[in-house]
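In: Build me a structure from this.
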Amino acid sequence: MQVNNSTKKDMAREELGAMLNQESSCYSIEFDYLDFTARENDGPTRKDQLTEGFRRLVCGWLFQVVDHFQYDRDIAAIATYYLDQTTVIQMKRKGKICKRREYQLIGVTSLYLAIKLHGGHENGSRPDIRSFANLSNGQFSIEEIERTELEILRLTSWRVNPPSSSRILVNLIYFIPENWEGSEKSSKAEILSIFEISRYLTELALHVSKISFNYKASEIALASVLCALEALKDKQSIPDWVRSEFISNITDSTTLTLSPVMPLCTLLNDLFNSVPSTNECNDISTDAADERHSPVSVRDV
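Out: Numbers count the residues shown, from 1 in each chain. Next up, the predicted model:
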């Protein structure tokens, strides 16, 4: 049975509402652990200290491995949530600063757990735990990864289904009006371009702690769509009313509001302008997926 656009939008509204409830009740990151680490006088030495750059390298490694094994890139976003949430809770409950080796171990294990729970190819295959131990070039043993897996599950209270920005984005796209020029076909290509740029922005945002720790996944997803609409407005001849109606559809149908999102739009615009042009941006995720580089060893991060 074919599902019409109205039904799809109703389904998207229902799923989006459920994810927003999840996000507000179970899946928020409590504080910026990088800022906390930097302020601790008795913390690890600079060489072993967690920094913005080091977190960014680990996030990049997660995406490289996901691309290598040809999984959906949302797996890397889920793994990053496990990494951030586990680090925050560990610091809060144990009162200790996480060092780089431990942070890398949590990162490797987070990816293993995310693939185990949310990955899998059509043939049902998944890399086993030995593969992840091998990725560390012997830095982490199978036993260490197994222990860390149980620790992640315990610290997160088994809340392992976070509503990522990319998952929320899939539902937000249905709120963009169609038939801009009176032809359904004419707007579909443009909406696909909006989705691709928006998804790219959510992935960029994941690498920036100032965004990841201070904004919800839903706010990042919404800001990404607004930035994509602005970036493509002239090139794709997107009418101004499309953006206005999209905002109206979202605010009328969900609990999302624009007030926390507008400052984020500025941050994302700056981030977007610091990377290659729009055409090149469309190619980046494709190139990463197609080249299938051998994943960098976590030891090299």
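In: which residues of the chain fall in helices?
Out: Secondary structure of the chain (DSSP state H): helices at 5-26, 33-39, 52-68, 74-94, 100-118, 129-135, 142-155, 165-172, 184-206, 209-212, 217-232, 240-253, 261-273, 278-291.
In: residue ranges with poor pLDDT in this structure?
Out: Across the chain, the ranges flagged by pLDDT under 70 are 1-5, 40-46, 121-124, 181-186, 276-301.
In: Can you tell me, leaving aside adjacent residues, what's nearest to the residue sitting nearest the centre point of the chain?
Out: Nearest to the mean C-alpha position of the chain, counting by C-alpha atoms, centre = their mean, stands A77 at 3.6 Å. In space, and not counting its chain neighbours, A77 is closest to S164: 4.2 Å by C-beta to C-beta, 6 or more residues apart in numbering. Every C-beta, even on glycine, is put in place using the N, C-alpha and C of the backbone.
In: isn't L226 right up against L264?
Out: No. Counting by C-beta atoms under 8 Å, L226 sits too far from L264 to count as a contact (9.0 Å).
In: picking up where we left off before, residue contacts, the residue nearest to the centre of the chain?
Out: S164, S165, S166, T202, E203, L206 (C-beta atoms under 8 Å, 6 or more residues apart in numbering).
In: Compute the number of surrounding residues for the nearest residue to L113 once chain neighbours are set aside.
Out: Spatial nearest neighbour of L113, chain neighbours left out: E149 (5.6 Å); criterion: C-beta to C-beta, 6+ apart. Each residue near E149 was counted by other C-beta atoms under 10 Å, and the total is 18.
In: ok so, going back, any idea which of the helices of the chain is most buried?
Out: helix 217-232 (a mean of 25; mean count of other C-beta atoms under 10 Å).
In: show me the contacts for the residue nearest to E15 when sequence neighbours are not counted.
Out: Computed as C-beta to C-beta, 6+ apart, the closest residue to E15 that is not its neighbour in sequence is N171, at 5.4 Å. Taking C-beta under 8 Å, 6+ apart, we find N171 in contact with A12, R13, E15, L16, M19.
In: show me the residues around the last one that make contact.
Out: Applying C-beta under 8 Å, 6+ apart to M19 gives the contacts P163, R167, I168, N171, S218.
In: what does the second one give?
Out: When contacts are counted by C-beta under 8 Å, 6+ apart, R13 is found next to N171, Y174, S253, T254.
In: Return the distance of it relative to A217.
Out: 17 Å (C-beta to C-beta, to the nearest Å).
In: same check, this time on the third one
Out: Counting by C-beta to C-beta, the gap between E15 and A217 amounts to 14 Å.
In: neighbours around the closest residue to I247 other than its chain neighbours, how many?
Out: Leaving aside its chain neighbours, I247 sits nearest to L258 (6.7 Å; criterion: C-beta to C-beta, 6+ apart). Burial measure for L258: 14 neighbouring residues, criterion other C-beta under 10 Å.
In: Got the phi and psi for L258?
Out: phi -80, psi -20 (degrees, to the nearest 10).
In: how about the closest residue to F54 other than its chain neighbours, what does it touch?
Out: Closest residue to F54 apart from its sequence neighbours, by C-beta to C-beta, 6+ apart: R100 at 6.4 Å. Counting by C-beta under 8 Å, 6+ apart, R100 makes contact with P44, D48, Q49, L50, F54.
In: and which of those is nearest E144?
Out: D48 (17.8 Å; C-beta to C-beta).
In: Identify the residues contacting T254.
Out: Counted by C-beta under 8 Å, 6+ apart, T254 has contacts R13, L16, G17, L20.
In: Kindly recompute the last result at 10 Å.
Out: R13, L16, G17, M19, L20, N171, L172, F175, S218, L222 (C-beta atoms under 10 Å, 6 or more residues apart in numbering).
In: S259: how many residues sit nearby?
Out: If we define neighbours as other C-beta under 10 Å, then S259 has 6 of them.
In: Also C98?
Out: Neighbours of C98 (other C-beta under 10 Å): 23.
In: Need phi/psi at it.
Out: The phi/psi pair for C98 (degrees, to the nearest 10) is phi -80, psi 130.
In: looking at it, it is touching M91, isn't it?
Out: Yes. Shown here, C98 and M91 form a contact pair, counting by C-beta atoms under 10 Å, at 6.3 Å.
In: Please name the nearest non-neighbouring residue to V225.
Out: V225 sits nearest to S198 (C-beta to C-beta, 6+ apart), 4.8 Å away.
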